[in-house]
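Peer 1: what follows is a predicted protein model with its sequence.
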Amino acid sequence: MIRVREPGLLTTVQDLGRTGLAHLGVPTAGAADRRAFGLANRLVGNRPEAAALEITLAGPELELEAGGWVALTGGRVAAEAGGRPVPMDVAVRVEPGEVLRVGSVSSGLRVYLAVRGGIDVPPVLGSRSTDTLAPVGPPRLEEGARLPVGDQADGDLYRQVAPTPAVDPEPILRAVRGPRDDLFTDDALRTLIGVAWTVTPDSDRTGIRLDGPELERRRKVELASEGMVEGSLQVPPDGHPILFLANHPTTGGYPVIAVVAGRDLPEAAQARPGTRLRFRFVPVAEAREAAGGAPL
Amino acid sequence: MKVRVAGERGLLVEVEDLETVHRLHAALRELDPPGVVELVPGYRTVLIVADPGQAEALDELAARLPHLELPPAEAAAGATVEIPVSYDGEDLPEVAGLTGLEAEEVVRRHTAPEYTVAFLGFSPGFPYLVGLDPALQVPRRDTPRTSIPAGSVGLAGNQTGIYPTASPGGWQLIGHTDVTLFDPARDPPALLAPGTHLRFTVAT
């Protein structure tokens, strides 16, 4: 068991999310930065579907009652256990009863903490993820909560630090035009890829709200609500796009001008308020290559 | 039918009307195309989402879509569900005032039609219903409530709906139902599905 001494700002249990239920209005949820999440699981030898903790900006204090192997990945953070510093991107041993203290995230936004065996809260609709939009899955971590550790590990521990790219302060995200690019003016399409957009503080796991120039529509027609994919750049009437992340609603009533490539969503998930994001259009084939070709 | 690209692993298929949406959704569920993980109906669209590792499968599917045989409307239609409602909502007097109808007439007109669940969205199990009597169209409340209890039945614009779970909202509340619309422990978790027919009755 892991006992939560301090929950941190927003710490949730996440895995790969719920699939196959979007037509019933159930969001996918799951880790916002799936690359960092996947790496954390691999470092401690977990199966890819094992659940880990997603930490936001300020980390928790956790007592590992039975000890265990842990790995921290994603945004950069200082952590210590039993008075020893805990390096990132490598499997680290925590002894029984020791307290793991995760500090404030210094670059990026979200940190993943995997424990060998996985966080074993009961799955709901096929996933252990906390849904931050709908009341589905386990609650966010609270002081005094105890989290069971499972047996979802069948791989080796990584005792060497995995190389990871530094957090890009002004990332350029690849995006595929559409499905509703024809509702926008040519100028709006040029503007989307021509300026740096600022991440606003009211961003969350649902989506990143972006500040910048207004993206104008060609016609003021009402769009009938339709299904939304992760990475969608939805444009509400104020003309400022919202980039949908892992916990986006299944449907939306505003047009989507472009969809960010899955490969670049981890960069989006690590963009804290104030970060400037840029976009560039790529064909579908290039977005797919990006998705398949990149090693974790 | 128009097939639009929704990112590297999504297709948004636009069709002429809601009935065709439900027929296409039924045909795709039956076909169960390889690599496809979600089929999400909207008012005029079905969104097809592939697993990230199998997105290439969408190219073949996109070519096949225009030739796909759709089941007849009757075959694609869902079950009919009755929702008993206690018409004791806080906003019922205001809705009566806004529509110029007696409260009893509001209830009569709300229970008269057979509604169709266009699709589910906004929150798990939340139905977007079509079929509301135009005489019952009222604006949203000026100030949304911070919490509306689960089971609340409301009106807003040309919409009527039921809140499956407690949530904030701006709809005019005319009643409530004890029917559980969404329960994660149930299979399927949502009582309603796209295409389900629905009637409101006066709870006794």
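Peer 2: That came through fine. Everything quoted here is computed from the prediction, not taken from an experiment.
Peer 1: how about residue A:58: which residues does it bridge to?
Peer 2: Beta-bridge partners of residue A:58, counted by DSSP bridges, are residue A:104.
Peer 1: quick one: pLDDT of it?
Peer 2: Per-residue confidence (pLDDT) for residue A:58: 97.
Peer 1: so it makes contact with residue A:105?
Peer 2: Yes. Residue A:58 is in contact with residue A:105 according to CB atoms under 8 Å; the separation is 7.3 Å. The way it works is simple: take the backbone N, C-alpha and C, and place the C-beta from them, glycine included.
Peer 1: could you check which of these two has the larger neighbour count?
Peer 2: Neighbour count, other CB atoms under 10 Å in any protein chain shown: between residue A:58 and residue A:105, residue A:105 has more, with 24 against 16.
Peer 1: and the gap between the more buried one and residue A:33?
Peer 2: Look at residue A:105 and residue A:33: by CB to CB, to the nearest Å, they are 12 Å apart.
Peer 1: now swap in residue B:95 and tell me
Peer 2: 46 Å.
Peer 1: neighbour count: these two, which is higher?
Peer 2: More neighbours surround residue A:33 than the other of residue B:95 and residue A:33, with 27 against 20 (other CB under 10 Å).
Peer 1: quick check: that one vs chain B, distance?
Peer 2: To chain B, residue A:33 is 14 Å away according to CB to the nearest CB, to the nearest Å.
Peer 1: dump the residue contacts of that residue.
Peer 2: Residue A:33 is in contact with A:74, A:110, A:112, A:265-266, A:269-270, counting by CB atoms under 8 Å, 6 or more residues apart in numbering or on different chains.
Peer 1: check whether stretch A:257-277 contacts chain B.
Peer 2: Yes. Using CB under 8 Å from any CB of the partner chain, stretch A:257-277 comes into contact with chain B via A:259-262.
Peer 1: who touches the closest residue to residue A:69 other than its chain neighbours in this structure?
Peer 2: Excluding the flanking residues, the one nearest residue A:69 by CB to CB, 6 or more residues apart in numbering or on different chains is residue A:116, at 4.0 Å. The contact partners of residue A:116, by CB under 8 Å, 6+ apart, come to A:44-46, A:68-70, A:91, A:149, A:153, A:157.
Peer 1: same check, this time on residue B:107
Peer 2: B:87, B:174, B:202.
Peer 1: narrow those residues to those that are buried.
Peer 2: Using 16 or more other CB atoms under 10 Å in any protein chain shown as the burial test, these include B:87, B:174 as buried.
Peer 1: let me have the contacts of residue B:107 in TSV, adding secondary structure, pLDDT and distance to residue B:183 as columns.
Peer 2: As requested, those are exported to TSV (DSSP: H, G, I helix; E, B strand; the rest coil; pLDDT from 0 to 100; distance: CB to CB, whole Å):
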residue	secondary structure	pLDDT	distance to residue B:183
B:87	coil	98	24
B:174	strand	97	24
B:202	strand	97	24
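Peer 1: isn't residue A:4 up against residue A:138?
Peer 2: No. Counting by CB under 8 Å, residue A:4 stays clear of residue A:138, with 11.8 Å between them.
Peer 1: shared neighbours, those two?
Peer 2: With CB under 8 Å, 6+ apart applied, the contact sets of residue A:4 and residue A:138 do not overlap.
Peer 1: circling back to that earlier point, could the contacts of residue A:116 go into TSV alongside neighbour count, secondary structure and distance to residue B:140?
Peer 2: TSV is the format used below for the contacts of residue A:116 (neighbours: other CB atoms under 10 Å in any protein chain shown; DSSP: H, G, I helix; E, B strand; the rest coil; distance: CB to CB, whole Å):
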residue	neighbour count	secondary structure	distance to residue B:140
A:44	26	coil	49
A:45	20	coil	52
A:46	27	strand	46
A:68	20	strand	51
A:69	21	strand	52
A:70	27	strand	48
A:91	22	coil	53
A:149	19	strand	47
A:153	21	strand	50
A:157	16	coil	55
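Peer 1: now do the contacts for the residue sitting furthest away from the middle of chain A.
Peer 2: Within chain A, the residue lying farthest from the chain centre (CA atoms, centre = their mean) is residue A:219, at 34.0 Å. Residues counted as contacts of residue A:219 (CB under 8 Å, 6+ apart) are residue A:183.
Peer 1: could you say which helix or strand holds it?
Peer 2: Using DSSP states H and E, residue A:219 falls within no helix or strand.
Peer 1: so where do the helices sit in the stretch 1-150 of chain A?
Peer 2: According to DSSP state H, counting those that start in this stretch, the stretch 1-150 of chain A carries its helices in the segments A:34-43.
Peer 1: residues in it within reach of chain B, list them.
Peer 2: A:19-27, A:124-125, A:133-136.
Peer 1: just the buried ones out of the residues you listed, please.
Peer 2: Neighbour-count burial (16+ other CB under 10 Å) is assigned, among the residues of the stretch 1-150 of chain A next to chain B, to A:19, A:21-27, A:124-125, A:133-136.
Peer 1: which ones among the residues you listed map onto strands?
Peer 2: Using DSSP state E, no member of these falls in strands.
Peer 1: using the three-state scheme, assign residue B:62.
Peer 2: Here residue B:62 is helix, with the state taken from DSSP: H, G, I helix; E, B strand; the rest coil.
Peer 1: ok, it - contacts?
Peer 2: B:3, B:11.
Peer 1: show the pLDDT at residue A:294.
Peer 2: Predicted confidence (pLDDT) for residue A:294: 42.
Peer 1: picking that back up, so how far is chain B from the residue farthest from the centre of chain A?
Peer 2: Separation of residue A:219 from chain B (CB to the nearest CB): 16 Å.
Peer 1: that older thread, of the contacts of residue A:33 - the most surrounded one?
Peer 2: residue A:74 (29 neighbours).
Peer 1: just give me the neighbour total for the residue nearest to it when sequence neighbours are not counted.
Peer 2: With CB to CB, 6+ apart as the criterion, residue A:74 has its nearest non-adjacent residue at 3.5 Å, and that residue is residue A:36. Residues near residue A:36, counting by other CB under 10 Å, number 27.
Peer 1: try residue B:12
Peer 2: The number of residues packed near residue B:12 is 26, by other CB under 10 Å.
Peer 1: pretty sure it sits against residue B:49.
Peer 2: No. Contact criterion CB under 8 Å: residue B:12 and residue B:49 do not qualify, at 9.9 Å.
Peer 1: are there residues contacting both of the two? Which ones?
Peer 2: Shared contacts of residue B:12 and residue B:49 (CB under 8 Å, 6+ apart): A:227, B:6.
Peer 1: span of stretch A:183-197 from start to end?
Peer 2: Separation of the first and last residues of stretch A:183-197 by CA to CA, to the nearest Å is 21 Å.
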